[in-house]
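Colleague: prediction below, plus the sequence it came from.
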Amino acid sequence: MKKDAIPDFIDNLQAQGQYYFLKRQLLEKTQQVETVANRSLVRLQKKNRILLVRRGFYVIVPIEFRRTGVLPPEWFIHNLMQFLNVEYYVGLLSAAAIWGASHQKPQEFHVLTTRQFRPIQNRTLKIRFFRKVDFPDLAFLKNQKTETGFMMVSSPELTAVDLIRYSKVVGGLGLVAITLAELGDNIEPQALLSVARKAKSLVPLRRLGFILENLGFGSRTNELAELVQNKTNVPVLLDPSLPRADSRWIRKWNILENLKIEADEI
């Protein structure tokens with residue numbers, strides 16, 4: 001039983017460009033007794049050589065990341081979601097940053113999945129999962145190249161819609177509007193219409209259309225406006241977390257404007 005079997009196994013994986021491993025694979029390849037392997041893994045974690053992300057799933061930390069002891073989630077998120085056997089995509093503020101909306105760098109890495117998972121928080125690594133029942137078609141997701149392969153990312157249009165849907169938990173509609181002001185140039189009218197046609201509810205689309213129009217992207221929302229005008233009935237608050245007060249009714253989007261969003265204020 002080779003003393004350095006586990007460190008050698010990890011070094012060989014990194015040399016091949018792989019920055020993760022499963023515990024069951026390590027035990028199989030090294031033929032180590034599990035109790036011995038556990039002690040070795042604990043020592044390597046203390047040295048910031050590896051990091052346990054989920055039970056049975058470890059990431060390998062190269063020397064340039066040894067100080068923080070974590071690896072950027074982009075380097076392993078696809079492999080982690082494969083390990084968890086669940087559909088996913090990187091979305092919300094993390095996707096917006098990929099598409100150029102980097103006014104505020106997100107403090108968490110946002111992942112949408114078909115199942116609910118506890119957040120991952122190790123040292124400076126923060127991954128937050130959002131369960132999404134109406135999971136989108138692959139047509140609305142993009143293969144984004146990473147340092148180690150690729151990951152699935154929501155398109156700019158799907159990202160915009162999701163930001164509205166999850167606005168309360170990602171910082172509020174004010175932050176979402178700031179993000180959309182930078183994301184708007186990447187939104188294609190026909191692609192946005194395609195996302196809208198697949199949506200179970202048009203309420204987030206009405207809010208999104210109104211906000212984009214007020215941010216100066218009205219030319220990108222004409223087709224969306226036509227769609228929602230044919231299917232809207234009851235007016236909705238622009239920001240459901242705020243009181244109605246003296247809200248102005250915006251007939252085009254059937255929105256009660258209880259929050260001011262203007263391009264010159266962003």
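Modeller: Alright, I've got the coordinates.
Colleague: check whether residue 77 really touches residue 86, as I assumed.
Modeller: No - with contacts defined as CB atoms under 8 Å, residue 77 does not count as touching residue 86, sitting 11.7 Å away. Quick note: C-beta positions are derived from backbone N, CA and C, even for glycine.
Colleague: and residue 143, that one's in a helix?
Modeller: No - counting by DSSP: H, G, I helix; E, B strand; the rest coil, residue 143 is not part of a helix but strand.
Colleague: who has more neighbours out of residue 77 and residue 86?
Modeller: Just comparing residue 77 and residue 86: by other CB atoms under 10 Å the higher neighbour count belongs to residue 77, 22 against 14.
Colleague: tell me the contacts of that one?
Modeller: By CB atoms under 8 Å, 6 or more residues apart in numbering, the residues touching residue 77 are 88, 90, 109, 111, 127, 151.
Colleague: backbone dihedrals for it, please?
Modeller: Main-chain dihedrals, residue 77, degrees, to the nearest 10: phi -60, psi -40.
Colleague: break this protein into its domains for me.
Modeller: With domains defined by automatic domain parsing, the chain comprises 5-65, 73-265.
Colleague: export those to a markdown table and tack on mean pLDDT?
Modeller: As requested, the domains of the chain are arranged in a markdown table below (pLDDT from 0 to 100):
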| stretch | mean pLDDT |
| --- | --- |
| domain 5-65 | 94 |
| domain 73-265 | 92 |
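Colleague: now, of those, which is deepest in the fold?
Modeller: Highest mean neighbour count of those: domain 73-265, a mean of 18 (counted as mean count of other CB atoms under 10 Å).
Colleague: report the distance from that one to the chain centre.
Modeller: 10 Å (CA atoms, centre = their mean, to the nearest Å).
Colleague: so which elements touch the longest strand along the chain?
Modeller: Taking DSSP state E as the criterion, the chain has its longest strand at strand 125-131. Using 3 or more CB pairs under 8 Å, 6 or more residues apart in numbering; DSSP states H and E, the elements in contact with strand 125-131 are strand 109-113, strand 120-122.
Colleague: format those as a markdown table; extra columns: distance to residue 82.
Modeller: A markdown table is the format used below for the helices and strands packed on strand 125-131 (distance: least, CB to CB, whole Å):
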| stretch | distance to residue 82 |
| --- | --- |
| strand 109-113 | 12 |
| strand 120-122 | 16 |
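Colleague: residue 97 against residue 107, yeah?
Modeller: No - counting by CB under 8 Å, residue 97 sits too far from residue 107 to count as a contact (11.3 Å).
Colleague: show me where the stretch 151-266 of the chain has its strands.
Modeller: For the stretch 151-266 of the chain, the strands defined by DSSP state E, counting those that start in this stretch cover 236-237, 248-250, 255-257.
Colleague: can you list these in TSV and add distance to residue 17?
Modeller: Below are the strands of the stretch 151-266 of the chain laid out as TSV (distance: least, CB to CB, whole Å):
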stretch	distance to residue 17
strand 236-237	49
strand 248-250	52
strand 255-257	49
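Colleague: any idea which of these gets closest to residue 101?
Modeller: Residue 101 lies closest to strand 255-257 among the strands of the stretch 151-266 of the chain, at 22.6 Å (CB to CB).
Colleague: ok, and what's touching the closest one?
Modeller: With CB under 8 Å, 6+ apart as the contact definition, strand 255-257 has outside contacts at 206-207, 210, 235-238, 244, 247-250.
Colleague: repeat that for stretch 78-87.
Modeller: Against stretch 78-87 from outside (CB under 8 Å, 6+ apart): 20, 22, 53-54, 56-57, 88, 111, 113-115, 117, 135, 146, 149-152.
Colleague: good, we can wrap up now.
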